[in-house]
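Visitor: What follows is a predicted protein model with its sequence.
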Amino acid sequence: MSDVDRFEAFVHRFQDMVYATAFRLLGRPADAEDVAQTVFLRAFERFDQIGDSPAAPGWLKTVTTNLCLNHLSRHRSRWRLFSELGRDGDEGETTSFESTIAAAAPADELDKADTQHAVEQALGRLPEHQRVPLVLYHYEDKSYQEIAGLLGVSLGKVKTDIHRGREALKNYVTAHE
Amino acid sequence: MNERDLEDLVDRGLKAVPPPRAPRTLLPAVMRAIRVAAERPWYARPWVTWPATWRVASAMAVLLLLAGTALVLPAAQPYVAPGLAWGQEFLAPAAHVVSSVETLTAAVEIASRVIGQSVLGLLLALFVVMLTASVAIGAAIGRVALGGAYQS
């Protein structure tokens, strides 16, 4: 089996994991596919070292996460416009954006598959400043401190944003409980 | 609902969602990009993938360029010195070569300073340059004339 064939098998094996990580962080399929492609191009440059290594999945996830965060920081000015449109200033208030998510579907009327799809869509529609730390915490098993370091924000902001993200998703996940 | 219960609830709910599958277009796009990259010559690929010999040679060339810059632009020396220091550390196995380069550049710098500060030195340098140019031009003319004479 040639190196290219081996690499093709490597991509086939890990593409879902890489794409899922990117999609959850970025919330947009096209951007997630672009990042995933870049990740595998970098993996090809180091295929001699990581091809058969048990550390390959961890390496791929780390590179994917870093590329996604770089992508988001480059486009932050655009995303900040959308996130600040619905951002509240005081504790306890529900943002207009979160209200829109909560009102979008009566979650208790959906079956299991629909509920899971609704949760996935609700996650993707969260503002970036809530979705990214939420994904890093629940899917990437990062601590609050690690997330604050990765995003360059305070620990308090991470906790607040994660809490608000959870509140926004609560209605969707309770339908499956 | 307290924060811990909310965290557990959302965690269960999120992990119950099946991970999204990669689009069918991803694998072909990656392999296409790989094949395009593989067709590029080695020097058009990222530096980290170059053969070790060429990486050392290119790093040495950069060091020499920095040393030359330090000669030509004395004002740049404070900025170049850290780079030279890094280069020394990076190329420790070839430290003796770097040391020789430093010695040579220091000697050239001293010589240029001495010559440059001397009016006679400037005139001497001008004379040498003109003499060299004259010899070169004369040789070229002679080759054409004599070469034409032999061929005729």
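Guide: Received, thanks.

Visitor: near chain B, which residues of chain A?
Guide: Residues of chain A found near chain B (Cβ under 8 Å from any Cβ of the partner chain) are A:4, A:7-8, A:11-12, A:15-20, A:23-24, A:29, A:33, A:36-37, A:40-41, A:44-45, A:116, A:119-120, A:123, A:134, A:138-139, A:163, A:166-167, A:169-170, A:172-174, A:176-177. For the C-beta atoms, the positions are set from N, CA and C on the backbone; glycine is no exception.

Visitor: so where do the helices sit in the chain?
Guide: Using chain A here. Here chain A has its helices, by DSSP state H, at A:3-26, A:29-45, A:47-50, A:56-74, A:76-85, A:96-104, A:112-125, A:128-138, A:144-151, A:155-174.

Visitor: right idea, wrong chain: chain B
Guide: Counting by DSSP H, residue ranges of the helices within chain B are B:3-16, B:26-39, B:52-72, B:77-90, B:95-116, B:119-151.

Visitor: quick one: which of those is nearest chain A?
Guide: For the helices of chain B, proximity to chain A was assessed by Cβ to the nearest Cβ; helix B:3-16 is nearest, at 2.6 Å.

Visitor: Show the average pLDDT along that closest one.
Guide: For helix B:3-16, mean pLDDT is 92.

Visitor: Which parts of it count as buried, going by neighbours?
Guide: By 16 or more other Cβ atoms under 10 Å in any protein chain shown, the buried positions in helix B:3-16 come out as B:6, B:7, B:9, B:10, B:13, B:14.

Visitor: Of those, which ones also sit close to chain A?
Guide: Contacts with chain A are made by B:6, B:7, B:9, B:10, B:13, B:14 out of the buried residues of helix B:3-16, judged by Cβ under 8 Å from any Cβ.

Visitor: Can you tell me which of the residues of chain A next to chain B are classed as buried?
Guide: For the residues of chain A next to chain B, a burial check counting by 16+ other Cβ under 10 Å picks out A:7-8, A:11, A:15, A:17-20, A:23-24, A:33, A:36-37, A:40, A:44, A:116, A:119-120, A:123, A:134, A:138-139, A:163, A:166-167, A:169-170, A:172-173, A:176.

Visitor: residues touching residue A:29, list them.
Guide: Taking Cβ atoms under 8 Å, 6 or more residues apart in numbering or on different chains, we find residue A:29 in contact with A:23, B:23.

Visitor: which residues of the chain score low on pLDDT?
Guide: As the question left the chain open, I've gone with chain A. Residues of chain A that meet the criterion pLDDT under 70 lie in A:1, A:77-110, A:175-177.

Visitor: my bad, chain B
Guide: Counting by pLDDT under 70, the ranges of chain B that qualify are B:76-77, B:91-99, B:101, B:115-121, B:144-152.

Visitor: where's the residue sitting nearest the centre point of it relative to residue B:11, distance?
Guide: Most central in chain B under Cα atoms, centre = their mean is residue B:62, positioned 3.7 Å from the mean C-alpha point. For residue B:62, the distance to residue B:11 (Cβ to Cβ, to the nearest Å) stands at 51 Å.

Visitor: thought residue A:170 was touching residue B:6?
Guide: Yes. Using Cβ atoms under 8 Å, residue A:170 is in contact with residue B:6, at 6.6 Å.

Visitor: where does chain B come near chain A, residue by residue?
Guide: Residues of chain B lying near chain A by Cβ under 8 Å from any Cβ: B:1, B:3, B:6-7, B:9-23, B:25-27, B:29-31, B:33-35, B:37-38, B:46, B:48-49.

Visitor: show me the contacts for residue B:54.
Guide: Per Cβ under 8 Å, 6+ apart, neighbours of residue B:54: B:42, B:43.

Visitor: err, residue B:3, not the other one
Guide: Residues in contact with residue B:3 (Cβ under 8 Å, 6+ apart) are residue A:163.

Visitor: and the closest residue to residue B:90 other than its chain neighbours, how many neighbours?
Guide: Distances taken as Cβ to Cβ, 6 or more residues apart in numbering or on different chains place residue B:59 nearest to residue B:90, at 6.7 Å, with adjacent residues excluded. When neighbours are counted by other Cβ atoms under 10 Å in any protein chain shown, residue B:59 registers 15.
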